[in-house]
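Undergrad: Here you go, sequence then predicted model.
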Amino acid sequence: MEMTFRWFGSGYDTVTLKQIRQIPGVTGVITTLYNKMPGELWTQEEIRALKEEVEASGLHISGIESVNIHDDIKTGSGDRDLYIENYIKTLENLGKEDIHMVCYNFMPVFDWTRTELARVRKDGSTVMAYTQAKVDSIDPEKMFESIKDSMNGTVMPGWEPERMAKVKELFEAYKDIDDEKLFDNLKYFLEKIMPVCNQYDIKMAIHPDDPAWSVFGLPRIIINKENILRMMKMVDDPHNGVTFCAGSYGTNLANDLPDIIRSLKGRLHFAHVRNLKFNSPDDFEESAHLSSDGSFDMYEIMKALYDIDFDGPIRPDHGRMIWDEVAMPGYGLYDRALGATYLNGLWEAIVKGEMKK
Ligand SMILES: [Mn+2]
């Protein structure tokens, strides 16, 4: 595996490439063209400029998170074919710049959903948290309003004000879309892009829905082992792969995380590893990465990645806000750097332990 760090780009991220370069063991960044709207074409020149900026810092681009999918593709309507053409061209341009892993998601309307962006924990750190009761009591069109004041002046991925201004129209567009239709539309999209992925060896890595169940009555399909196996089988190509995200699959306690990892051997192209602390099955918060601070056994997660010979990029995920840092919720420097170091420590212990057997 390669330890990486998510970086939103100059002008968007409070964390600098220089800071990332100084985290021991981190050699690559997972980045994006953050100003691009879903469906928009990425030119080769823009990608090259991003690549040159990253490489000038002594790091390299390990993959893209995300090239976002336009809602017309997810709903299978409107200008879907035009947006797929743009997507194919974008993948081609990434391939020409020697970038070979693309993370994306197929979540309707909202990206990952949290009800609090700064819950205060006993140690004074703040974390993102989710309470089902809060979601059940809120008008979905007010969701953005309810959290936007806690974004610390940043734009959170998937929560762009331009999209959220149209949230009512978006809900309307999805009113006839159920799980089966969403699967059909995903299949249509994947079949169209597989030729370019094969030509340039681009590994597509679908990110799970977060939380891993339907919110506000919207369909959600990338939520458990059964559905992810179906998704891989319906377009059976190694380039049609998966991002394992511990914090997203882990929202549903019925998901056995090491077992899901083992079922993805050969199709797992990217891993997000973090912990959650459950206060009840309907209330969780994003704890530190350390096993003892949350509800997951992080050793078992890393061991499963080792056992399937995972060789793709891995990154720490949402961190706590600590040491008075002001940053995008979940995406400060300090706690994610601690997370990367901890995960590297687990990995070293696993590798050396196995070699001594
Ligand atoms: Mn994730």
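TA: Received, thanks.

Undergrad: Mind telling me what element the residue in the stretch 251-357 of the chain that the ion sits nearest to is part of?
TA: Per Cβ to the ion, His272 is where the stretch 251-357 of the chain lies closest to the ion, at 3.6 Å. For the C-beta atoms, the positions are set from N, CA and C on the backbone; glycine is no exception. Using DSSP states H and E, His272 falls within strand 268-273.

Undergrad: what's the residue of the stretch 1-150 of the chain found nearest the ion in contact with, if anything?
TA: Going by Cβ to the ion, the ion is nearest to Trp112 of the stretch 1-150 of the chain, at 7.2 Å. Trp112 makes contact with 158, 210-211, 248, according to Cβ atoms under 8 Å, 6 or more residues apart in numbering.

Undergrad: so can I have CSV of the residues you listed showing pLDDT, neighbour count and secondary structure?
TA: Putting these into CSV (pLDDT from 0 to 100; neighbours: other Cβ atoms under 10 Å; DSSP: H, G, I helix; E, B strand; the rest coil) gives the following:
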residue, pLDDT, neighbour count, secondary structure
Gly158, 70, 18, coil
Asp210, 87, 26, coil
Pro211, 88, 23, coil
Ser248, 94, 25, helix
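
Undergrad: Pick out whichever of these sits closest to the ion.
TA: Ser248 (5.2 Å).

Undergrad: Please name the residues that touch the nearest residue to the closest one once chain neighbours are set aside.
TA: Closest residue to Ser248 apart from its sequence neighbours, by Cβ to Cβ, 6 or more residues apart in numbering: Asp210 at 3.8 Å. Residues near Asp210 by Cβ under 8 Å, 6+ apart: 107, 111-113, 245, 247-248, 251.

Undergrad: List buried residues within those.
TA: 107, 111-113, 245, 247-248, 251 (16 or more other Cβ atoms under 10 Å).

Undergrad: Would you reformat these as CSV and include secondary structure and distance to Ser146?
TA: Rendered in CSV, the data for the buried ones among the contacts of Asp210 read as follows (DSSP: H, G, I helix; E, B strand; the rest coil; distance: Cβ to Cβ, whole Å):
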residue, secondary structure, distance to Ser146
Met107, coil, 18
Asp111, coil, 15
Trp112, coil, 15
Thr113, coil, 11
Cys245, strand, 24
Gly247, helix, 21
Ser248, helix, 21
Thr251, coil, 19
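
Undergrad: Nearest spatial neighbour of Ala288, chain-adjacent residues omitted?
TA: Of all residues not flanking Ala288 in the chain, Arg320 sits nearest, at 6.0 Å (Cβ to Cβ, 6+ apart).

Undergrad: Check Gly339 too.
TA: Pro316 (3.1 Å).

Undergrad: Please give me every residue in contact with the one you found.
TA: 5, 273-274, 289, 336-337, 339-340, 343 are the contacts of Pro316 under Cβ under 8 Å, 6+ apart.

Undergrad: Next, Asn35: secondary structure please.
TA: coil (DSSP: H, G, I helix; E, B strand; the rest coil).

Undergrad: Isn't Ile61 up against Gly28?
TA: Yes - between Ile61 and Gly28 there is a contact at 6.8 Å, judged by Cβ atoms under 8 Å.

Undergrad: ok, those two, which is more surrounded?
TA: Ile61 (25 against 19; other Cβ atoms under 10 Å).

Undergrad: doesn't that one fall inside a helix?
TA: No - counting by three-state DSSP, Ile61 is not part of a helix but strand.

Undergrad: what bridges to it?
TA: Beta-bridge partners for Ile61, by DSSP bridges, are Val29.

Undergrad: Quick check, pLDDT for it.
TA: Model confidence at Ile61, given as pLDDT, is 98.
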